[in-house]
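Novice: would you be able to build a 3D model of this:
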Amino acid sequence: MFDIFKRKPPTERETFPTLLSEPPSIADHLDVGRVFSVTKAAEQGNVRDLFALYRDVIVSDSHMQGEISKRKLAVLGDRMTVLPWDKSDPSNTSAATVIEDEIHNCKSWKDACIHLLDGTLWPVALVEKVYQPTATGYKLKTLVPVPHYLLDYTAGHMRISDVDHQTGTILPTFHDPDPERYIIHRGHLLTAPDTWGGPMRSILYWWLLGTMTRDWWSRFLDRYGSPFLVGRYPKGDDTSRNVLRDAFKMSVRLGGLVVNEDTKVELIQAAAGQTGAAYEKFLSICQREKSKLILGQTLSAEAQSTGMNSGTSNMQEGVRQDIRSWDSSSLADTFRVQLFDQYLRINGSTASTPTLTWGSVSDAELKVKAEVLKNLKDAGLTPTLDGLKDISRQLSIPLERLQTSPGLMKLSAMIAAGDIDLTKLAALEVGASGSFLRSHTMQRS
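Specialist: Residues are numbered from 1 along each chain as shown. The predicted structure is shown next:
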């Protein structure tokens, strides 16, 4: 049964991450020079610090957490459907049912999907496949996300650091990511090498500027945010000056001042409003740049005035739908090629590999497609079986043709067998039969 494979599928896991192997935070006291050194080291193949910095950036930035969650939920928040490659083939339908059962029984499936979708911003994401032998073949035991900090490119290609199975510490040895063991997902459109950091690299400096802006604003408030006292005393009156100075010292403990009537004290408020507006504007710019990269638009992150009938919201929603469609289709292709195909082959199946879909097309696109189908029907045209398969895939709803009358079904079979001359019968336009014949004539021609 397994002659088509040179070796048996992996049945023991190799990835054992623990808190001992987790790199320490490097975002503390980070500056531009440190970010530059981290990215340059990654270009040489040492990506551990860069990926650790990516982790710190997301953990410490509430805005980015929200935006990344939106992008992942746009895919994982929809209903997932396993579709056979050819619905008319019973073996393909059976293969889709088997794959759907394996997904349902794999408790780590959702965690694997969440991790693989990191590949939309990270340069790559890996998941380890572990199978379990059964009486009739193999079943999927678990999917183990591979932490990004275990990746290494110092040898000129991607390797995975070995981890001690007992302690979880990272060893100085490596192994190559065997396609039989690992799912490798790149869910972005960049063609640059992984060592350049993927799309996430362009966010680093916007995150750093936003963080430094918060630090600068805190320093300003600490120094000038509270009202401060200004004392006035007669020129040359050293006695009043000393009294005023002592009074300022005592005001910290007493909460007030005791001075003579010839001494003037004023309470000055810092002009924090102008600096606050500048801080808010600059921070908004940083947040918008991050949103544009992650989601392709900014309207879902903050309320913005675009003017009446500007069409900006529809345009940005279209961009978001394009990103959502790409994320779901690329993840589905990764599972189909690197998991489902292997599972069917190691269990002796020769059926075509099924595919995955998440959700359906947008409401606007669905409305357009419905109008097109209605216009085609009015024109006497109808989708073929291949067309129905494509529509089913887009809607994530299995579709089939309505059953026609027995007479028309028999007539259809005779036409398919070539027992009836369509050229002569096409002229007979009598009710539904005439419409049926015209449609078959169009399809045949």
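Novice: can you give me the helices for the stretch 51-200 of the chain?
Specialist: 62-76, 90-105, 109-116 (DSSP state H, counting those that start in this stretch).
Novice: elements contacting the last one?
Specialist: What it means is helix 109-116. helix 62-76, strand 125-133, strand 138-146, strand 182-185, helix 312-335 (3 or more C-beta pairs under 8 Å, 6 or more residues apart in numbering; DSSP states H and E). (C-beta placed from N, C-alpha, C; glycine too.)
Novice: out of these, which is closest to Tyr279?
Specialist: Distance to Tyr279, taken as C-beta to C-beta, is lowest for helix 62-76 among the helices and strands packed on helix 109-116, at 15.1 Å.
Novice: show me where pLDDT drops low in this protein?
Specialist: Scanning the chain for pLDDT under 70 picks out 1-7, 213-231, 233, 250-276, 298-318, 360-366, 385-386, 389, 393-445.
Novice: where exactly do the strands run in this structure?
Specialist: Under the criterion DSSP state E, the chain contains strands at 80-83, 125-133, 138-146, 151-152, 159-163, 170-175, 182-185, 228-232, 264-268, 355-358.
Novice: ends of stretch 178-188, how far apart?
Specialist: 22 Å (C-alpha to C-alpha, to the nearest Å).
Novice: need the contact partners of it.
Specialist: By C-beta atoms under 8 Å, 6 or more residues apart in numbering, the residues outside stretch 178-188 that reach it are 5, 7, 9-10, 14, 112, 116-117, 119-121, 123-129, 143, 146, 160, 177, 198-199, 326-327, 330-331, 334-335, 338-339, 342.
Novice: show me the protein divided up by domain.
Specialist: Segmentation of the chain into domains, based on automatic domain parsing, reads 1-219+288-359, 361-444.
Novice: any chance of JSON lines for those domains, columns distance to Pro234 and mean neighbour count?
Specialist: JSON lines is the format used below for the domains of the chain (distance: least, C-beta to C-beta, whole Å; neighbours: other C-beta atoms under 10 Å):
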{"stretch": "domain 1-219+288-359", "distance to Pro234": "36", "mean neighbour count": "17"}
{"stretch": "domain 361-444", "distance to Pro234": "77", "mean neighbour count": "13"}
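Novice: closest to Asp237 out of those?
Specialist: domain 1-219+288-359 (36.1 Å).
Novice: look up which residues are beta-bridged to Thr357.
Specialist: Thr81 (DSSP bridges).
Novice: Arg241 versus that one, what's the distance?
Specialist: Distance of Thr357 to Arg241, computed by C-beta to C-beta, to the nearest Å: 81 Å.
Novice: what's the answer for Gly33, then?
Specialist: 47 Å.
Novice: just Leu381 next, same as before
Specialist: From Leu381 across to Arg241, the span is 98 Å (C-beta to C-beta).
Novice: cool, Leu295 as well?
Specialist: Distance, Leu295 to Arg241, by C-beta to C-beta: 61 Å.
Novice: export the domains of the chain to TSV and tack on distance to Ala277?
Specialist: Formatted as TSV, the domains of the chain follow (distance: least, C-beta to C-beta, whole Å):
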stretch	distance to Ala277
domain 1-219+288-359	12
domain 361-444	37
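Novice: can you list the strands of the chain in JSON lines and add distance to Asn375?
Specialist: Shown next, in JSON lines, are the strands of the chain (distance: least, C-beta to C-beta, whole Å):
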{"stretch": "strand 80-83", "distance to Asn375": "26"}
{"stretch": "strand 125-133", "distance to Asn375": "43"}
{"stretch": "strand 138-146", "distance to Asn375": "45"}
{"stretch": "strand 151-152", "distance to Asn375": "52"}
{"stretch": "strand 159-163", "distance to Asn375": "54"}
{"stretch": "strand 170-175", "distance to Asn375": "58"}
{"stretch": "strand 182-185", "distance to Asn375": "40"}
{"stretch": "strand 228-232", "distance to Asn375": "74"}
{"stretch": "strand 264-268", "distance to Asn375": "73"}
{"stretch": "strand 355-358", "distance to Asn375": "26"}
